[in-house]
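Visitor: My questions are about this predicted structure, shown below with the sequence.
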Amino acid sequence: MNRRAWWVWLLASAALALALFRGALWGARLLAPLDLAPALLAKYRWMDPQHSGIPANHYVIDQLTYDLPLQHTVYQAWRRGEVPWWDPYTFGGRPLLADAHVNGTDPVRLLCYRLLPFELAYNWTLILHWALCGAGLLALLRRWGLGGTTSVGLALAGQCAGYHAIFFGHPWNTGAFLYYPWLWLAWDAWLAERRRWAWPVAGLAVAGIFYAGNIQSHAYVVVFALVCLAGYGGRSWPQWRRALAVVAGTGVLGALLAAPVLAAQVEFYRLSVRPVPVPWNPVSWLSGLASLSAVHPWALGTFRTLDLSKLFGQYALGFVVFIGSAAAALALVGAVRGRAGAPRPEIWRVAVGLVLAYLLILSTPLQAMLYTRAAGLAVLGLVVLAALGLEVLRQETATWRGWGLGLAGLAVGLALALNLAAFVVYPRLLPRVLAAVQREAATRSALTAAPALREFQVRNLPREISARNPETVLATLGLLAVGALGLLRRRK
């Protein structure tokens, strides 16, 4: 059965890759927002003189202006047999590989750069980040003996989480987080069964995190380790000592393996000056609460229209931890009842702890240092909780009448409220909203003003949040399906 689950996941991932990446798989297109150049940068208008000025996705502009040119430089250096330690073109020269956002020593990237031409190497680095994350989630869920259907479905949900889309242009995030399921798997194998292979696997996973990430993302593995210590240690001091030994030991092992890169990053950080602003605006500390919109993130808008997350000083708060509306509802079941159905209670404790840690980050000044990029921790926890929740609903014989009716009511209520807002309320407010956005845009630089894009976003809200957007319909149907699952009476 375990082998069958892997085959099903592999075939499903291949089908999804064809649907999502299409020509990028064989180099017919580049997985970068090239249309942003003629849309927003006047000097590149020649690339497409007839461009409407409305790019497909302006949220990933850093990928065009920063990541893509640097990756081409790194690729050329590696192919010439050089180590790209230095960037001679920026600020009169500065460290390159030690830079916080280069991802130039990512093992997946290095393999692709060694074997493929640049376009394919750039594409397949991102594609493999996506696929290997799903493989790690599947291995983790199957290790705990969760059902094949449950494991495959939730691995795919985590693989296609909004986190990957929102931070697609920040490859150090997805490149580092793909190792977290493997790290959890190895620590769990040692603490539960004393598997000897757990130490080298965990050490390699930590090293992979350090090679693929940066100083900021390295902090997330510390948060992950603290949550695992609390989850596996519980109230038992002997359990704490056992957990601390493997967590600290493999952490040091991973740091030693990554020392050539880690030492340069630490030195560069110490020599740099970057004041950290503390967001004393209390509204920004409501970001954690606003993240609960992940059940139906269109409620706060999208990048194609107004995004109410910006009221909290963030963006895409619901989407960054989105694993599907149905999976989010299952995660709630897992959080409430998953402890009883978990193979071991420490698994449930760690999953809940990861979600709470992320919400704590967004609800305190820690958000100024760790950002919403820490959402990968919450995604991992939500996937595990959703798997536990689905197993609970499948195994319990009693109906969850209150839960099923409540979830159905939530789905219908959200659909009615958003469609009413889109087609009745918003049209009356549109002229004032458009005027306000245009006044604000007039104070911006030419790049961020983007008048055609701003007007499109204002006018596009009804299409994005209503039933005219098929995504919202599917999300509503997903919530209704989970509600119906709670109403069904199952037999032993």
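Guide: Arrived safely.

Visitor: How about the contacts made by the closest residue to Leu97 other than its chain neighbours?
Guide: Among residues not flanking Leu97 along the chain, Gly104 sits closest, at 4.9 Å (C-beta to C-beta, 6 or more residues apart in numbering). Placement of C-beta: from N, CA and C, glycine included. If a contact means C-beta atoms under 8 Å, 6 or more residues apart in numbering, then Gly104 has Leu70, Gln71, Val74, Pro84, Leu96, Leu97 as its contacts.

Visitor: and the closest residue to Thr174 other than its chain neighbours, how many neighbours does it have?
Guide: Spatial nearest neighbour of Thr174, chain neighbours left out: His129 (4.3 Å); criterion: C-beta to C-beta, 6+ apart. Neighbours of His129 under the rule other C-beta atoms under 10 Å: 23.

Visitor: do you know how far His129 is from Asn123?
Guide: Distance check for His129 against Asn123: by C-beta to C-beta, to the nearest Å, it reads 11 Å.

Visitor: Then Leu138?
Guide: From Leu138 to Asn123 the distance is 23 Å (C-beta to C-beta).

Visitor: which one of the two has more residues nearby?
Guide: Leu138 (28 against 23).

Visitor: show me what contacts that one?
Guide: Ala5, Trp6, Trp9, Ser151, Val152, Ala155.

Visitor: Can I get those residues in TSV including distance to Leu380, neighbour count and secondary structure?
Guide: Shown next, in TSV, are the contacts of Leu138 (distance: C-beta to C-beta, whole Å; neighbours: other C-beta atoms under 10 Å; DSSP: H, G, I helix; E, B strand; the rest coil):
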residue	distance to Leu380	neighbour count	secondary structure
Ala5	19	20	helix
Trp6	20	17	helix
Trp9	17	24	helix
Ser151	14	27	helix
Val152	17	25	helix
Ala155	11	27	helix
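
Visitor: Need the residues you listed in JSON lines (columns: pLDDT and distance to Ala357).
Guide: Shown next, in JSON lines, are the contacts of Leu138 (pLDDT from 0 to 100; distance: C-beta to C-beta, whole Å):
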{"residue": "Ala5", "pLDDT": "94", "distance to Ala357": "29"}
{"residue": "Trp6", "pLDDT": "96", "distance to Ala357": "30"}
{"residue": "Trp9", "pLDDT": "97", "distance to Ala357": "28"}
{"residue": "Ser151", "pLDDT": "95", "distance to Ala357": "24"}
{"residue": "Val152", "pLDDT": "96", "distance to Ala357": "27"}
{"residue": "Ala155", "pLDDT": "97", "distance to Ala357": "22"}
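
Visitor: and of these, the nearest to Leu41?
Guide: Each of those was scored against Leu41 by C-beta to C-beta, and Ala155 proved nearest at 39.0 Å.

Visitor: thought the residue nearest to Thr174 was touching Leu178?
Guide: Yes - look at His129 against Leu178 with C-beta atoms under 8 Å: they come within range, at 5.7 Å.

Visitor: where do the contact lists of those two overlap?
Guide: Val108.

Visitor: so what's Leu382 up against?
Guide: Gly158, Ala294, Val321, Ile323, Ala327, Ala328, Ala331, Ala351, Val355.

Visitor: counting contacts, what elements does the host helix or strand of the fifth one pack onto?
Guide: Counting by DSSP states H and E, the secondary-structure element that holds Ala327 is helix 325-341. Contact analysis of helix 325-341 by 3 or more C-beta pairs under 8 Å, 6 or more residues apart in numbering; DSSP states H and E lists helix 345-362, helix 375-395, helix 470-487 as its packing neighbours.

Visitor: and the last one, how far from the chain's centre?
Guide: Think helix 470-487. 22 Å (C-alpha atoms, centre = their mean, to the nearest Å).

Visitor: orientation of that helix relative to helix 325-341 in degrees?
Guide: Here the directions of helix 470-487 and helix 325-341 differ by 30 degrees (axes from the mean of the first three to the mean of the last three C-alpha atoms, to 10 degrees).

Visitor: And helix 470-487, what's buried?
Guide: For helix 470-487, the neighbour count (16 or more other C-beta atoms under 10 Å) marks Thr472, Ala475, Thr476, Gly478, Leu479, Leu480, Val482, Gly483, Leu485, Gly486 as buried.
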